[in-house]
Structure formats: C-alpha cells, structure tokens
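>>> Quick one, fold the following:
(chains A and B)
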Number of protein chains: 2
Amino acid sequence: MELLKVSSQSKPKLVAGAIAAVVRTGESVEIQAIGAAAVNQAVKSIAVARGYVVPNGIDLVSYPAFSQLEVDGEEKTSIKFVVERRNPENS
Amino acid sequence: MELLKVSSQSKPKLVAGAIAAVVRTGESVEIQAIGAAAVNQAVKSIAVARGYVVPNGIDLVSYPAFSQLEVDGEEKTSIKFVVERRNPENS
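As a prediction, the model looks like this:
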C-alpha cells in the first residue's frame, strides 16, 4: 500500500493530488500524521481529494486508526488513515 | 442525522461512545469540528469508536468534508465528518 507522510507543513492540495492519483488506480493509500496540526492537514487533504475524484465518478472513504511509531528512538502515537475508493455497493 | 459538535476540549472516549451508540442503530452521525485541535479530537474519537463497535461485528467509515459555518457573525470553515456503518459489501 502506498504510504504518504503528512506534516503540519504539508499542502493539502498537493497531498490530495497524490491521494487522488493512487485511488484512481483502484489502490488504497495510507496517510500517516503525528500531532494535531499534521492530522488536520491530513483530513483537509482527504476532503480536497474527494473533490478531485468526483469527476471520475469515485468517492473516497477513510478509516482512521492509531498507530505506534518510533521517531528518533522515541515512541510516538500517530494517526494512520487508510483511504480507498468507496465501493458503489456501499451507497 | 445526529450532529455531534467536537471541540479541542472534547474527550475522545466520550465522543466515541456517542458515535458507537448511533452507528449501532444503523444511523449515520455527523461530527463538526473547527480548528486543528478540534479536528484532531474528532479523528481520535472516530478511531476509538471503531474499537467500540468491533465486538458488534461493525466497522465504521468516515467521509470528511469542508463546511462553512457562521459563528458569532463570523464565517468559519469547519470540517464535517459523516460517520456511518461500513457496508459488508465494501470489504
């Protein structure tokens, strides 16, 4: 699965473009964010990406989960979003 | 649709309990958050709620979107999450 690391400095439109590109191929993408500001950018990116794929007749679903990461030897709790194409049967 | 307003002070476990209660009945719930700290609490709440409904054989999907709100006469951009039961056909 494609992994995108999002920080507080990430630009939602750019991240959204990357999400849309993966989801259009039918694959899932995992987005990793540590801290409130990064989580906020990740959520904005997913919201923007939904708009990007609407013309392709696609909607996106996201599944947030907690994930433990080691950053510089320190244990951190990140939020991991799995974003994938919404199955038409789900509508 | 049930509306939950989440702030930076909201406790994810409490919000998760409210989400789980609604989703178990088969209804959708809308979560509204303004600002990065509130969005972070909302995402944590959804992640915790997924754990709450797993024993019921349910998984949750969330759809983030932007939403314009007027707060004290000021236009604010909030994040709105629609959370609903994942349809088994989507797995």
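>>> Around chain B, pick out the residues from chain A.
Neighbours of chain B within chain A, by Cβ under 8 Å from any Cβ of the partner chain: A:35-37, A:39-40, A:43-44, A:46-47, A:50, A:59-66, A:79, A:86-87, A:89-90. In short, each C-beta sits where N, CA and C put it, glycine included.
>>> Now which of the residues you listed would you call buried?
Burial of the residues of chain A next to chain B was assessed by neighbour count (16 or more other Cβ atoms under 10 Å in any protein chain shown); the buried members are A:35-37, A:39-40, A:43-44, A:46-47, A:50, A:59-65, A:79, A:86, A:90.
>>> The longest helix seen in chain A packs against which elements?
Determined from DSSP state H, the single longest helix within chain A is helix A:36-53. Packing contacts for helix A:36-53, counted by 3 or more Cβ pairs under 8 Å, 6 or more residues apart in numbering or on different chains; DSSP states H and E, involve strand A:2-6, helix A:12-24, strand A:29-33, strand A:60-71, strand A:74-85, helix B:36-53, strand B:60-71, strand B:74-85.
>>> now the fourth one: mean pLDDT?
For strand A:60-71, the per-residue pLDDT values average out at 92.
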